[in-house]
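In: Turn this into a model:
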Amino acid sequence: VQYGSSRSSSSSSSTGIIPLLSTQDALENCDTMNVVTLGNPGNTNQCTILLHNYENYYVQRYMRVNAENKKLNHNLPLQPVSRGYTSNGQSQFIPPDSNSIAKHWKTLQRYFNTLDETLTKLRPIAKKVAVKNTIIVMTCNMGQSELLMNFVCNAKAKGLSIDNVLVFPTDVETKELAEGLGLTTFYDERNFGKLPSGEARNYGDRNFGAMMFAKVVCVQLINHLQYDLLFQDVDVIWYKNPLTYFHDKTNPNYHFDMYFQDDGAHSSRYAPYSANSGFYYVRYNDKTHYLFTSLLYSGDMIVQSSSHQQALIGLLADHSNYFGLKVKVLDRDRVDFPGGWHYHRRNKDYMKKVV
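Out: Okay, the predicted model is just below:
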């Protein structure tokens with residue numbers, strides 16, 4: 001299919017060349033459609049096979065590697081590899097080890113032992129802050145508190161309401177600070193009390209990885225209570241209320257279950273969505289409910305990889321495949337949801353326009 005091309009002439013077919021059709025013409029007789037998106041990040045001599053067989057909705061990947069010398073070698077036979085295997089012999093997906101699994105089991109045990117009590121306390125607070133059945137969810141520790149203050153000051157300066165923001169602080173000091181700023185909080189001491197209060201020094205460091213659990217639980221609990229939600233990191237500021245976009249029923253994208261910004265990191269690790277886990281909107285339904293239940297159970301993968309984003313994107317792909325979860329990644333060229341990619345990759349003139 002080629003965008004913008006007209007219907008191919010009969011002469012093209014007679015030459016044996018596959019005709020190039022417009023999208024409308026190509027899909028005219030399709031009752032069902034399978035879409036396979038392929039890249040070649042390692043710039044290897046890549047082959048693609050379409051084989052009539054028992055249907056398979058995953059792409060099976062093979063490379064010329066072996067266990068002794070894991071790097072790509074054209075003289076070796078093709079072997080099955082993971083989707084995160086690179087041409088230099090590195091695998092971006094490592095299964096959780098015994099320590100990660102055991103650590104996660106202890107965390108889950110504490111979570112479920114206190115779940116009924118947690119929900120009893122959280123339910124009236126969530127009901128109080130919800131607007132149009134939607135809650136804006138944030139989590140923060142003392143090390144990130146300056147960013148939280150910046151968010152609140154910016155919103156108030158622009159006259160934007162923060163009434164339906166619910167902060168899940170991970171320490172008492174942040175709870176008191178957030179409430180002093182006029183925010184509603186829910187402090188779950190049993191689950192969050194052992195999380196670090198200091199900020200992460202680097203992406204993926206110990207504090208960064210530990211805070212990923214809070215990012216999972218705060219969203220999972222609100223979703224479990226059947227609310228729509230907007231989750232955002234505390235380093236986000238608003239130019240206008242973002243809920244207007246997601247609540248607009250005339251929006252052509254209104255039918256999606258979840259919305260993400262394009263993170264900009266298009267490595268195999270974040271394929272196929274490159275979804276930014278620092279700002280996303282979720283409509284409550286059975287599909288999203290099970291997604292976040294599954295993410296809660298996948299905490300050992302988060303511990304192993306120090307990335308809640310990696311685990312979430314993997315589940316997005318699987319649940320889209322299994323259950324028809326509708327995921328929308330917003331075009332990063334649009335101007336109303338700029339993010340980190342725009343800050344780091346676009347030119348300075350673009351950021352001046354944003355400011």
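In: Please make it C-alpha for all contacts and neighbour counts, starting now.
Out: Noted.
In: what's the spacing between residue 328 and residue 187?
Out: 31 Å (C-alpha to C-alpha, to the nearest Å).
In: repeat for residue 124
Out: Residue 124 is 14 Å from residue 187, by C-alpha to C-alpha.
In: These two: which has the busier surroundings?
Out: Counted by other C-alpha atoms under 10 Å, residue 124 and residue 187 do not tie: residue 187 has more neighbours, with 20 against 10.
In: which ones are touching residue 327?
Out: Residues in contact with residue 327 (C-alpha atoms under 8 Å, 6 or more residues apart in numbering) are 256-260, 316, 320.
In: Also residue 245?
Out: By C-alpha under 8 Å, 6+ apart, the contact set of residue 245 is residue 251.
In: And it, its phi and psi?
Out: phi -70, psi -50 (degrees, to the nearest 10).
In: same deal with the one 10 residues further on?
Out: Torsion angles at residue 255 (phi, psi; degrees, to the nearest 10) stand at phi -80, psi 0.
In: Which strands and helices lie in contact with the lengthiest helix in the chain?
Out: The single longest helix within the chain, with elements called by DSSP state H, is helix 206-224. Under the contact criterion of 3 or more C-alpha pairs under 8 Å, 6 or more residues apart in numbering; DSSP states H and E, helix 206-224 touches strand 134-140, strand 228-232, helix 286-297, helix 299-305, helix 308-323.
In: could you dump those to TSV with distance to residue 273?
Out: Below are the helices and strands packed on helix 206-224 laid out as TSV (distance: least, C-alpha to C-alpha, whole Å):
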stretch	distance to residue 273
strand 134-140	22
strand 228-232	17
helix 286-297	15
helix 299-305	18
helix 308-323	7
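In: could these go into CSV alongside mean neighbour count?
Out: Output for the helices and strands packed on helix 206-224, formatted as CSV (neighbours: other C-alpha atoms under 10 Å):
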stretch, mean neighbour count
strand 134-140, 24
strand 228-232, 22
helix 286-297, 18
helix 299-305, 23
helix 308-323, 18
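In: Compare these and say which comes out lowest on pLDDT.
Out: Among those, helix 299-305 has the lowest mean pLDDT, at a mean of 87.
In: Format the CA atom coordinates belonging to that helix as CSV.
Out: Presented in CSV, the C-alpha positions along helix 299-305 are these (Å, rounded to 0.1, in the frame of the first residue of the first chain):
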residue,chain,number,x,y,z
GLY,A,299,6.6,-6.4,39.6
ASP,A,300,9.5,-8.9,39.4
MET,A,301,10.1,-7.8,35.9
ILE,A,302,10.2,-4.2,37.1
VAL,A,303,12.6,-5.1,39.8
GLN,A,304,14.9,-6.8,37.3
SER,A,305,14.8,-4.1,34.7
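In: Which strands and helices lie in contact with that helix?
Out: Against helix 299-305 (3+ C-alpha pairs under 8 Å, 6+ apart) you get helix 98-113, helix 206-224, helix 308-323.
In: ok so, going back, of the contacts of residue 327, closest to residue 178?
Out: Closest approach to residue 178 among the contacts of residue 327 (C-alpha to C-alpha): residue 260, at 25.9 Å.
In: and the helix or strand where that closest one lies, how far from the chain's centre?
Out: Here residue 260 is covered by strand 258-262, with elements defined by DSSP states H and E. Put simply, strand 258-262 sits 7 Å off its chain's centre (C-alpha atoms, centre = their mean, to the nearest Å).
In: so the helix or strand following it versus strand 134-140, what angle?
Out: Sequence order places strand 275-282 as the next helix or strand after strand 258-262, per DSSP H and E. Interaxial angle, strand 275-282 versus strand 134-140 (axes from the mean of the first three to the mean of the last three C-alpha atoms, to 10 degrees): 140 degrees.
In: quick check: angle from strand 275-282 to helix 286-297?
Out: 130 degrees.
In: Which elements pack onto strand 275-282?
Out: Contact analysis of strand 275-282 by 3+ C-alpha pairs under 8 Å, 6+ apart lists strand 228-232, strand 258-262, helix 308-323 as its packing neighbours.
In: Give me the three-state assignment for residue 343.
Out: helix (DSSP: H, G, I helix; E, B strand; the rest coil).
In: which residues touch it?
Out: Applying C-alpha under 8 Å, 6+ apart, the residues contacting residue 343 are residue 351.
In: State the distance from it to residue 273.
Out: 20 Å.
In: Measure how buried the residue nearest to residue 297 when sequence neighbours are not counted is and give me the count.
Out: Among residues not flanking residue 297 along the chain, residue 108 sits closest, at 7.8 Å (C-alpha to C-alpha, 6 or more residues apart in numbering). Residue 108: 16 surrounding residues under other C-alpha under 10 Å.
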